[in-house]
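sequence and predicted structure are below.
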Amino acid sequence: MSKNNNLNYRRIERTVKGFSNHRRIQIMDLLFKKPELSVAEISDLLKINFKTASQHITRLAFAGLIMKRSDGTSIRHKLTPLGESVLKFCRTLE
């Protein structure tokens with residue numbers, strides 16, 4: 001197995017770990033329907049703790065599933081193309 005192949009497996013692992021939680025999938029679904037939300041808006045809409053929402057968003061961003069954009073004093077979040085593909089895949093499992 002080549003080193004390049006191993007890097008691809010690690011990238012896939014990071015992506016899968018990024019969405020391997022029901023709450024993170026729920027956040028991705030919310031961002032698909034309402035892009036450009038802040039952490040506060042996400043936590044309010046999903047009725048979850050702000051810190052918990054922030055931790056999930058950090059994991060999603062690390063996996064490359066969502067992107068962050070600064071908007072003055074707040075940070076806005078939306079799905080990346082990879083995030084949209086993963087969400088589409090998750091919907092096939094329902």
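That came through fine.

the spatially most central residue of the chain sits in which helix or strand?
Closest to where the C-alpha atoms of the chain average out (Cα atoms, centre = their mean) is Leu60, at 3.2 Å. Leu60 is part of helix 50-62, with elements assigned from DSSP states H and E.

output the contacting helices and strands for that helix.
Judged by 3 or more Cβ pairs under 8 Å, 6 or more residues apart in numbering; DSSP states H and E, helix 50-62 is in contact with helix 3-19, helix 22-33, helix 39-46, strand 66-71. C-beta here means a position set from N, CA and C on the backbone, and glycine is covered the same way.

thought the residue nearest to the centre of the chain was touching Leu30?
No - the pair Leu60 / Leu30 is not scored as a contact, 11.3 Å apart, by Cβ atoms under 8 Å.

could you give the angle of the worst-scoring helix or strand of the chain on mean pLDDT to helix 50-62?
Within the chain, no helix or strand scores below helix 3-19, which has a mean of 87 by mean pLDDT, DSSP states H and E. Computed with axes from the mean of the first three to the mean of the last three Cα atoms, to 10 degrees, the direction of helix 3-19 lies at 160 degrees from that of helix 50-62.

contacts for helix 3-19 next, please.
With contacts defined as Cβ atoms under 8 Å, 6 or more residues apart in numbering, helix 3-19 is touched by 24-25, 28, 59-60, 62-65, 82, 86, 90.

adding pLDDT and distance to Asp44, write these out as a markdown table.
Output for the contacts of helix 3-19, formatted as a markdown table (pLDDT from 0 to 100; distance: Cβ to Cβ, whole Å):
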| residue | pLDDT | distance to Asp44 |
| --- | --- | --- |
| Arg24 | 97 | 17 |
| Ile25 | 97 | 19 |
| Met28 | 98 | 17 |
| Arg59 | 96 | 20 |
| Leu60 | 97 | 18 |
| Phe62 | 95 | 23 |
| Ala63 | 96 | 24 |
| Gly64 | 96 | 25 |
| Leu65 | 97 | 21 |
| Leu82 | 97 | 26 |
| Val86 | 97 | 24 |
| Cys90 | 95 | 23 |
